[in-house]
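Visitor: Predicted model follows, preceded by the sequence.
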Amino acid sequence: MTPAATPTPSKPNPNGLPGVPTTDTTDSKPYVLGTGADETFRLGLQHRLWSGAAHALWEKARIQPGHRVIDLGCGPGHATLDLSAIVGPMGRVIAVDESPAFLKQLHDLSQARRVSNIERVLGDVQELDECIEDGHESLDAAYARWVFCFLNEPQKVIQGLRPLLKTGGRLAVQDYFNYERTMTLAPRREAFTKVVQATAASWRSRGGDTDVMGKLPGILEREGFVVEHMNVIQRMARPGETMWHWPQTFFEIFTPKLVQAGFIEEADRVAALEAWREASANPSAFVLLPPVFELIAVKK
Ligand SMILES: C[S@@+](CC[C@H](N)C(=O)[O-])C[C@H]1O[C@@H](n2cnc3c(N)ncnc32)[C@H](O)[C@@H]1O
């Protein structure tokens, strides 16, 4: 089935899960990093750099052809499109995001690639019962990468997801714990550390939590899941490596927003970028990246 180009809100989808897909490009409640071309590019690069880890986790979660999978906080859909290739024509990916702009980009990408097994749903992942009707026990798996860290009520996602998953269905998550204390430039630079701390503080001020993976296993156990896998991927990057551009693109986009929101002064931004520039020119420098924790939980 082809994704609707001009979908009707709340109309049941003949293939199963109804949703509220959209082609609107206006974001009334913008995501903290924005939804512009720069962030779309950053998310695309980020996905390429982390797609190996994502695919390994999906294999471990036994996502396979014919499955119905929900991608929570899908963004412009870089992971969604990979998942759609795994589940194939007999399967389906339901891509949920609160950003109409990102969902429009996913719509355009899906059309360009002639992908017809993705359903876009506009909504808050903390209100899954409101944006997905009649999906009772219809899903084989769920995936959420770097979305829990932006939420103020992660348990509501789990509570909304549980009835949608089949018994034995799996949730796979990749997200942060100990972001603030880990992300470090070596040799250490105070200006860089200050920006990392301001980043975590700004997410917290909007209800997010860069430590969310520390809480998720407990929430899942309380909500009727068994955590069957946990691991951490700790990486570093050196100047000149592709991975060096993961933090670089992030800070290029985010430090002006930190200044705008009053978390740092313009002088702090300039000092941090100067520290980064110096490190980029120093072959002995490296950056310790934020640890990406992953888990797979099974619905009992
Ligand atoms: C860092 S991006 C990650 C995108 C995608 N999961 C990936 O790994 O490429 C975070 C995404 O979560 C979405 N998001 C944040 N809070 C949300 C919420 N409460 N409901 C739905 N989407 C949300 C944002 O719009 C954004 O697309």
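Guide: Cool, the structure landed.
Visitor: ok, which stretches of the stretch 51-200 of the chain are strands?
Guide: Here the stretch 51-200 of the chain has its strands, by DSSP state E, counting those that start in this stretch, at 68-72, 92-97, 118-122, 139-145, 165-176, 184-186.
Visitor: Which one of these lies nearest to residue 35?
Guide: Of all the strands of the stretch 51-200 of the chain, it is strand 92-97 that lies closest to residue 35, at 9.4 Å by CB to CB. (Glycine included, C-beta is placed from N, CA and C.)
Visitor: do that closest one and the ligand meet at all?
Guide: Yes - counting by CB under 6 Å from any ligand atom, the ligand is contacted by strand 92-97 at 96, 97.
Visitor: And the contacts of that strand?
Guide: Applying CB atoms under 8 Å, 6 or more residues apart in numbering, the contact partners of strand 92-97 are 15-17, 19, 68-75, 77, 80, 83-84, 87, 103, 106, 117-123, 125, 128, 131-132, 135, 139.
Visitor: from those residues, which are also near the ligand?
Guide: Contacts with the ligand within those, counted by CB under 6 Å from any ligand atom: 73, 74, 75, 125.
Visitor: what's the neighbour count on the nearest residue to residue 210 once chain neighbours are set aside?
Guide: Spatially, and ignoring its direct neighbours in sequence, residue 210 is nearest to residue 179 (3.7 Å; CB to CB, 6 or more residues apart in numbering). Residue 179: 22 surrounding residues under other CB atoms under 10 Å.
Visitor: Please enumerate the helices of this protein.
Guide: 37-60, 78-87, 100-112, 128-131, 154-161, 179-182, 190-205, 216-222, 245-260, 266-280 (DSSP state H).
Visitor: next one: the second one to chain centre, how far?
Guide: In this view, helix 78-87 has its centroid 14 Å away from the chain centroid, taken as CA atoms, centre = their mean, to the nearest Å.
Visitor: Equivalent analysis for the first one, please.
Guide: A distance of 9 Å separates the centroid of the chain from that of helix 37-60, by CA atoms, centre = their mean.
Visitor: Give me the buried positions along it.
Guide: By neighbour count with 16 or more other CB atoms under 10 Å, helix 37-60 contains the buried residues 39-40, 42-43, 45-47, 49-50, 53-54, 57-58.
Visitor: cool, the last one as well?
Guide: Of the residues in helix 266-280, those scored as buried under the neighbour-count criterion (16+ other CB under 10 Å) are 268, 269, 271, 272, 273, 275, 276, 279.
Visitor: do the same with the second one
Guide: Of the residues in helix 78-87, those scored as buried under the neighbour-count criterion (16+ other CB under 10 Å) are 78, 79, 80, 81, 82, 83, 84, 86, 87.
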